[in-house]
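Participant: predicted model and sequence below, questions to follow.
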Amino acid sequence: MIQKDERTARERFVDGLSGFLQRHRIPIAVLAVAIVVGIAAFAIFAEVSGRQAEQALVQLEAVQERLDGRQGLSAEEQSQLDEELLLELNEITSSYPRTYAAQRSWFIIGIIHMDNERFAEAAQSFAQTADRFPDSHLALIARANEATAHEELGDFEAALNAYRRLLDARSGSNALTARALFSLGRLTETALDDAEAAREYYERVVQEFPQSNWTSLARNRLLALATVAP
């Protein structure tokens, strides 16, 4: 009896499913087509994206090769080459904005501007690197370089902000974090004339990074501040 009831229930389920599929065969067919089209579209997108990323890297490597050879050129030749490279790098960032090549291109643009003492442009390019690719291995380096460019411009508030953003974005302890803390202390001490706040940054360097090269510098500043303390 139990086996007969189970078989009957199974048969009722099959009959019900068959009826449902028959009544809704058109919507189900449309859904199936939509799924297939969606999968195909994703595959095409992935393939196109892969090709674009590969093409962008090819262009970038050509730029990098020319960049590596610029050291042997005269100042005039270097300047002309830099302008040509900037055009090519900007083309990569505009044509392939979401690729790894774009990330590296923004960073190299910043380096070229830095070398030519165009610090405002350098700061902007490094900020683009960090803002557009926050999870990149270049993000923290770019933020530190952005801060340095702002310092060269004498824009200490912008430099402080860049160092703070570096601290906010850090993923664990590293030398750049120690540098950022020390630089925040240095700028707070010299540009803002706030010895007490500077002392807190120096103490963090000593406490959080006892083995860092920045620690001895931080200790020296703490001793100097203790000497001049009222």
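Facilitator: The structure has been received and is ready for your questions.
Participant: going forward, measure contacts between C-alpha atoms and count neighbours the same way
Facilitator: Noted.
Participant: so where's the protein uncertain?
Facilitator: 1-50, 171-173, 229-230 (pLDDT under 70).
Participant: name the helix or strand for T148, please.
Facilitator: Taking DSSP states H and E as the criterion, T148 maps to helix 139-153.
Participant: and that helix, what does it pack onto?
Facilitator: helix 119-132, helix 156-169, helix 175-190 (3 or more CA pairs under 8 Å, 6 or more residues apart in numbering; DSSP states H and E).
Participant: turn these into a markdown table, including distance to W106 and mean neighbour count.
Facilitator: Below are those laid out as a markdown table (distance: least, CA to CA, whole Å; neighbours: other CA atoms under 10 Å):
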| stretch | distance to W106 | mean neighbour count |
| --- | --- | --- |
| helix 119-132 | 6 | 22 |
| helix 156-169 | 17 | 20 |
| helix 175-190 | 20 | 21 |
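Participant: export these to CSV and tack on distance to R219?
Facilitator: Listed next are those as CSV, based on distance: least, CA to CA, whole Å:
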stretch, distance to R219
helix 119-132, 30
helix 156-169, 20
helix 175-190, 10
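Participant: ok, Q71 - how many residues close by?
Facilitator: 11 (other CA atoms under 10 Å).
Participant: let me fix that: A142
Facilitator: 28.
Participant: that one and R219: what is the separation?
Facilitator: 27 Å (CA to CA, to the nearest Å).
Participant: ok, Y100 next?
Facilitator: Distance from Y100 to R219, by CA to CA: 40 Å.
Participant: now swap in R204 and tell me
Facilitator: Taking CA to CA, one finds R204 at 11 Å from R219.
Participant: D135 is in what secondary structure piece?
Facilitator: D135 belongs to no helix or strand, assigned by DSSP H and E.
Participant: before we move on, what about E196?
Facilitator: Short version: E196 belongs to helix 195-208, going by DSSP H and E.
Participant: give the next helix or strand downstream of that helix.
Facilitator: Trace forward from helix 195-208 with DSSP H and E and the next one is helix 213-228.
Participant: buried stuff in that next one?
Facilitator: Going by neighbour count (16 or more other CA atoms under 10 Å), the buried part of helix 213-228 is 214-215, 218-219, 221-222, 225.
Participant: kindly calculate the angle that that helix makes with helix 195-208.
Facilitator: For helix 213-228 against helix 195-208, the angle by axes from the mean of the first three to the mean of the last three CA atoms, to 10 degrees is 140 degrees.
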